[in-house]
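Chemist: I would like the atomic coordinates for the input below:
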Amino acid sequence: MADRVQKLEQAQKHYDLGKDLSWDKGDFDTALSELKKSLQLRESVWGQFHDETSKAYYEIGRALFAKKLYTESLVAYRRCLRIRVSLFGKFHTETKNADHCVRLVVQAKGLYSGREINEAIDSIYSSMSHEIAGDTYRKAGRNAEAQLEYIKAASIEEYFFGKTGDIIGDINRKAGIKAPPPPK
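Modeler: Modelled structure (predicted):
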């Protein structure tokens, strides 16, 4: 128990320092390092689906966005959004904050019209829905149905955001699909 409390205190210190460096000092590299330490500690104690974990992903996404690392920022914000949709639903204030940030990143990546942005956001929600369904099927021991849902999620991500990236890699691992070897 003491170890858990100590980890949480340490995670909060890293989070506060990272947020301060990012918001107040503009030192995004050091902020990212601190925020990633916080995330790692929070996930080790609470797991991925916890509000405090989503906050770490949110701040990581914000710092990456400030550095104009839009693809990495989108991954962090999408993970935050997935957690918040799972915990609070689509219409909660915290979920809407993450949704807004995803929209900003999608726009910064080059989709400018409202229709294009909405299509990209809808695809993220659709992909998350398939991924959540896959997780549910897998927990119920219905592996074939789970794999089908993961494949649907991955194909949506690939269509809108390309074949590379952490999100599609995570989904493919859940589906049991191994990444091809790197080109020589």
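Chemist: can we go C-alpha only for contacts and neighbour counts from here?
Modeler: OK.
Chemist: which SS class is the spatially most central residue of the chain?
Modeler: The chain has residue 79 as the residue nearest its centroid, 1.5 Å off, counting by C-alpha atoms, centre = their mean. Under DSSP: H, G, I helix; E, B strand; the rest coil, residue 79 falls in the helix class.
Chemist: That one reaches residue 57, doesn't it?
Modeler: Yes: at 6.8 Å, residue 79 counts as touching residue 57 under the criterion of C-alpha atoms under 8 Å.
Chemist: measure residue 134 to residue 114 for me?
Modeler: Counting by C-alpha to C-alpha, to the nearest Å, the separation of residue 134 from residue 114 is 30 Å.
Chemist: the more surrounded of those two?
Modeler: Per other C-alpha atoms under 10 Å, whichever of residue 134 and residue 114 has more neighbours is residue 134, with 27 against 11.
Chemist: tally of neighbours for the closest residue to residue 81 other than its chain neighbours?
Modeler: Among residues not flanking residue 81 along the chain, residue 98 sits closest, at 5.5 Å (C-alpha to C-alpha, 6 or more residues apart in numbering). Residues within reach of residue 98, counting by other C-alpha under 10 Å, total 25.
Chemist: from memory residue 98 sits against residue 57, does it?
Modeler: No: with contacts defined as C-alpha under 8 Å, residue 98 does not count as touching residue 57, sitting 9.8 Å away.
Chemist: Which neighbours do the two have in common?
Modeler: Common neighbours of residue 98 and residue 57, counting by C-alpha atoms under 8 Å, 6 or more residues apart in numbering, are 77, 80.
Chemist: which residues of this protein fall in helices?
Modeler: All helices of the chain, identified by DSSP state H, fall at 2-20, 28-46, 51-66, 70-88, 93-108, 114-139, 143-161, 166-175.
Chemist: Worst mean pLDDT among the ones you listed?
Modeler: The weakest mean pLDDT among those belongs to helix 166-175, with a mean of 73.
Chemist: Quickly note the distance from residue 56 to residue 43.
Modeler: 10 Å.
Chemist: same deal with residue 72?
Modeler: Between residue 72 and residue 43 the computed distance is 19 Å (C-alpha to C-alpha).
Chemist: List the contacts of the residue nearest to residue 81.
Modeler: 58, 77-78, 80-81.
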